[in-house]
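**Q** build me a model from this:
(one chain, ligands or ions: 1)
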Amino acid sequence: MTFSSRSMKNRPLAFDYQSSTPCSQKVVEAMLPYWEEFWGNPSSRQNRLGIHSSAAVSLARENIASVLNIEPEKVIFTSGATESNNLALLGHARAKALKIGRPGHLITLQTEHHAVLDPMRQLQKEGFRLTELKPNSEGILPIDLLRQSFENDTFLVSVMLANNEIGVIQPIREISSLCKEHGVTFHTDAAQGFGYLPLDLKQINVDLLSVSAHKMYGPKGVGALIISNHLDILPLHWGGGQENGLRPGTIPVPLVIGLAKATEIAYKQLNSRNESLRKLRNQFLEGLQSEINNIKINGSMENRLPHNLNITFSGINGNRLHRELRPLIACSSGSACSAGKTSHVLLAIGRSTKEAEASLRLSLGRNTKIHEINNAIEIISKVVNRLN
Ligand SMILES: Cc1ncc(COP(=O)(O)O)c(C=O)c1O
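**A** Next up, the predicted model:
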């Protein structure tokens, strides 16, 4: 018996679509021929199988590039947003330090995912200076705070497009303009925003952008780093020279095809899908507010991903809340990768430790139905009102 046939008999209601998403059927179908039939190595262009794989990878690259309005060679395939962030931040900072002979100053935001915070803190250990800026109580980076934080040798700013816990969308157009004014490289972790927000990189001058397939109904284990402008970047690995030598190793053809297909689907009906997600999410919030007193909303409702809700139930015990909800609702107290620690995002926007622990991130999926929302409202309000 496989693990999957043994588990998940009585599935809890799924409200954890920001930790990952199911791979869409159309994405699975697009990948299918590349597991067995077209198994060639795209770097082996001496034979037809290799040429076929290479052509499929080129087409995937072109399709992703056209969504972002950039040239295909600017798309570097990676294993996901964690690797893209590491390549962007460590790769660029180390190359810069090598060129000018000393490390310089870096800026990021306290509410970044650990896939940005940890490489930044690693660079700090290597001698770079790091400023982690505090967002306002809505979770947004005040542009003036960024302006005041530039130092003479600031060369890299990393601010995420949309937050994985509170769904807040950062003003990346303004941030990128400010970085351009100061001649500073701008990286954005778009793991949560790519596939949900329009991104024309000819209009938003982002230098480096990280994407992930599994947050938008693509396969796990693939993503990309978009390098929009010419930049010095040192690779993290060395080998066969693939991806312009920046990410050597055999390209995982089926996964790359899956990333491209997921991208195409995500951007096809972006506005109408977002509109219905926003409507359902707002019904969810209103339903909870009508049943439960003292709900605090975490993060801006105005600048927010349409499928994210993050709320605090003041005065109740977070451990008990999560323990009681766990069998019934799959949701999260914070990031899927935060290993049970109190959310640094909620603390950064001013919640106390107790409040942060008594919080839920509820994220909706493409196929979430109103009856699931209504069931969740009933379950959550029963549990919260009992614990109150
Ligand atoms: C904002 C953000 N960045 C990076 C990651 C890591 O992405 P991946 O799983 O593709 O490495 C995640 C995943 O939770 C995320 O939400």
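**Q** name the helix or strand of the protein that has the lowest mean pLDDT.
**A** helix 3-6 (a mean of 54; mean pLDDT, DSSP states H and E).
**Q** now do the very next helix or strand once past it: distance to the chain's middle.
**A** Later in the chain than helix 3-6, the nearest helix or strand by DSSP states H and E is strand 13-14. Mean-position distance between strand 13-14 and its chain equals 21 Å (Cα atoms, centre = their mean, to the nearest Å).
**Q** against which helices or strands is strand 13-14 packed?
**A** With contacts defined as 3 or more Cβ pairs under 8 Å, 6 or more residues apart in numbering; DSSP states H and E, the packing partners of strand 13-14 are strand 329-330, helix 370-387. (Each C-beta comes from the backbone N, C-alpha and C, glycine too.)
**Q** what's in contact with it?
**A** Around strand 13-14, the neighbours that count as contacts under Cβ atoms under 8 Å, 6 or more residues apart in numbering are Leu328, Ile329, Ala330, Gly365, Thr368, Glu372, Asn375, Ala376, Ile379.
**Q** highest neighbour count among those?
**A** Neighbour counts for the contacts of strand 13-14, by other Cβ atoms under 10 Å, peak at Ala376, which reaches 25 neighbours.
**Q** tell me where the chain has strands.
**A** Here the chain has its strands, by DSSP state E, at 13-14, 75-78, 105-109, 129-133, 154-158, 185-189, 208-212, 223-227, 295-297, 308-313, 329-330, 359-363.
**Q** which of those strands is buried the deepest?
**A** strand 208-212 (a mean of 29; mean count of other Cβ atoms under 10 Å).
**Q** who touches that strand?
**A** So strand 208-212 is contacted by 68, 80-81, 84-85, 88, 92, 161, 185-191, 194-195, 199, 201, 222-228, 231, 259 (Cβ under 8 Å, 6+ apart).
**Q** of these, list those near the ligand.
**A** Counting by Cβ under 6 Å from any ligand atom, the subset of those that neighbours the ligand consists of Gly80, Ala81, Asp189, Ala191, Gly223.
**Q** possible to save these as a markdown table with pLDDT?
**A** As requested, those are exported to a markdown table (pLDDT from 0 to 100):
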| residue | pLDDT |
| --- | --- |
| Gly80 | 98 |
| Ala81 | 98 |
| Asp189 | 98 |
| Ala191 | 98 |
| Gly223 | 98 |
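**Q** redo these as a markdown table? Include distance to Trp35.
**A** A markdown table is the format used below for those (distance: Cβ to Cβ, whole Å):
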| residue | distance to Trp35 |
| --- | --- |
| Gly80 | 19 |
| Ala81 | 24 |
| Asp189 | 30 |
| Ala191 | 25 |
| Gly223 | 19 |
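**Q** picking up where we left off before, the ligand is nearest to which of the helices and strands packed on strand 13-14?
**A** strand 329-330 (15.1 Å; Cβ to the nearest ligand atom).
**Q** work out the gap between the closest one and the centre of the chain.
**A** Using Cα atoms, centre = their mean, the offset of strand 329-330 from its chain centre is 21 Å.
**Q** ok, and what's touching it?
**A** Arg11, Pro12, Leu13, Ala14, Phe15, Asp16, Ala376, Ile379, Ile380.
**Q** ditto for stretch 308-315
**A** 18, 165-167, 281, 284-285, 288, 292, 294-299, 321, 346, 351, 355-356, 358-364, 384, 387-388.
**Q** near the ligand, which residues of the chain show up?
**A** 80-82, 113, 115, 160, 164, 189, 191-192, 212, 223, 335-337.
**Q** quick one: contacts for the residue lying closest to Gln192 once chain neighbours are set aside?
**A** Counting by Cβ to Cβ, 6 or more residues apart in numbering, Gln192 lies nearest to Ala162, which is 4.4 Å off, once chain neighbours are set aside. Listed by Cβ under 8 Å, 6+ apart, the contact partners of Ala162 are Val168, Ile169, Gln170, Ala190, Gln192, Gly193, Tyr196, Leu197, Leu305.
**Q** tell me the one among these nearest to Ala60.
**A** Ala190 (17.8 Å; Cβ to Cβ).
**Q** you'd agree that closest one is up against Leu199?
**A** Yes. Counting by Cβ atoms under 8 Å, Ala190 does reach Leu199; the two are 7.0 Å apart.
**Q** looking at these two, which is more packed in?
**A** Ala190 (28 against 23).
**Q** how about that one: what's its closest non-neighbour residue?
**A** Nearest one to Ala190, counting by Cβ to Cβ, 6+ apart, is Leu161 at 4.2 Å.
**Q** what do you get for Ser58?
**A** Pro72 is the one closest to Ser58 (Cβ to Cβ, 6+ apart), at 7.2 Å.
**Q** how many neighbours does the one you found have?
**A** 14.
**Q** from here on, count from 35
**A** Renumbered: residue one is now 35, and that last one reads Pro106.
**Q** in contact with the residue in the stretch 35-184 of the chain positioned nearest to the ligand, which residues?
**A** For the stretch 35-184 of the chain, the residue closest to the ligand is Gly114, as judged by Cβ to the nearest ligand atom, at 2.7 Å. Residues near Gly114 by Cβ under 8 Å, 6+ apart: Ala225, Ser246, Ala247, His248, Lys254, Gly255, Val256, Gly257.
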